[in-house]
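Undergrad: Generate a structure from the sequence data that follows.
(2 chains)
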Amino acid sequence: DQQVKQNSPSLSVQEGRISILNCDYTNSMFDYFLWYKKYPAEGPTFLISISSIKDKNEDGRFTVFLNKSAKHLSLHIVPSQPGDSAVYFCAASRTGNQFYFGTGTSLTVIP
Amino acid sequence: DTGVSQNPRHKITKRGQNVTFRCDPISEHNRLYWYRQTLGQGPEFLTYFQNEAQLEKSRLLSDRFSAERPKGSFSTLEIQRTEQGDSAMYLCASSPYASQGHYGYTFGSGTRLTVV
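TA: Have a look, this model is predicted:
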């Protein structure tokens, strides 16, 4: 049972434009949400987090939006850079310990 | 120590053999997690430790799997009588207690297991 879903397996964006990666979850008890970036042959790297008491969190070029009523999470990258090309995973947790990950979205930023 | 270290990076084993992986977390992190990732999927939670105590285990962690963190520092994950379905990337991560998920884990580069 996939509790966290990333329905877009891939996304291509021109350098300098906005990248929007989406994530949906099914469990309304989830309180903690994370985004990770993963390069080939490396472990996932933490990007940004948000808890359910907020609807937006910003860190430099990365902004995460949380819509609790829709059970929807999105990551905005502005401006997109070629080095952002990677697989992005969203993850959600009720306790902050056991996280459920989506299947990932492969982002390609075209120079 | 600047990151989470996992050894070996790759392991090929014959079906039925036992394998053991090691994880050295970031030294000041007292929480340690094991995840498994198969092709085309996101990481799946296996278990986590706070110091030496194993606090949570997934249903994915069958009787053939055992994890330890004897002194609250490094951890080992052993798989007994390996099966081809065990082939995956095994990821270790660590975090400080206070983060409670707000700041995310730091993952290691993983151990890729291939069972032939």
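Undergrad: Now do A:Gly12: how many residues are near it, please.
TA: No Gly there; residue A:12 is Ser. Around A:Ser12 there are 11 other residues, counting by other C-beta atoms under 10 Å in any protein chain shown. C-betas here are computed from N, CA, C, even on glycine.
Undergrad: Show me what it bridges to in the sheet.
TA: A:Thr108 (DSSP bridges).
Undergrad: from the chain's centre, how far out does the worst-scoring helix or strand of chain B on mean pLDDT sit?
TA: Lowest mean confidence among the helices and strands of chain B (mean pLDDT, DSSP states H and E): strand B:53-57, at a mean of 91. For strand B:53-57, the separation from the chain centroid amounts to 13 Å (computed by C-alpha atoms, centre = their mean, to the nearest Å).
Undergrad: How about stretch A:84-99?
TA: Worked out by C-alpha atoms, centre = their mean, stretch A:84-99 lies 7 Å from the chain centre.
Undergrad: What of stretch A:82-90?
TA: Computed by C-alpha atoms, centre = their mean, the chain-centroid distance of stretch A:82-90 equals 9 Å.
Undergrad: go on, stretch B:107-116?
TA: Computed by C-alpha atoms, centre = their mean, the chain-centroid distance of stretch B:107-116 equals 9 Å.
Undergrad: avg pLDDT for that stretch?
TA: Mean per-residue pLDDT for stretch B:107-116: 96.
Undergrad: Kindly report the same for stretch A:48-62.
TA: For stretch A:48-62, the per-residue pLDDT averages 94.
Undergrad: buried stuff in it?
TA: A:48-50, A:57, A:62 (16 or more other C-beta atoms under 10 Å in any protein chain shown).
Undergrad: Give me the distance between A:Val78 and chain B.
TA: According to C-beta to the nearest C-beta, to the nearest Å, A:Val78 stands 21 Å off from chain B.
Undergrad: neighbours around the closest residue to that residue other than its chain neighbours, how many?
TA: With C-beta to C-beta, 6 or more residues apart in numbering or on different chains as the criterion, A:Val78 has its nearest non-adjacent residue at 4.7 Å, and that residue is A:Ile18. Using other C-beta under 10 Å, A:Ile18 has 13 other residues around it.
Undergrad: doesn't A:Gln81 make contact with A:Ile18?
TA: No - assessed by C-beta atoms under 8 Å, A:Ile18 is found out of contact with A:Gln81, at 11.8 Å.
Undergrad: what's around residue 32, how many residues?
TA: Here I'm looking at chain A. 21.
Undergrad: um, chain B though
TA: Neighbour tally, B:Leu32, other C-beta under 10 Å: 28.
Undergrad: Many thanks, we can stop here.
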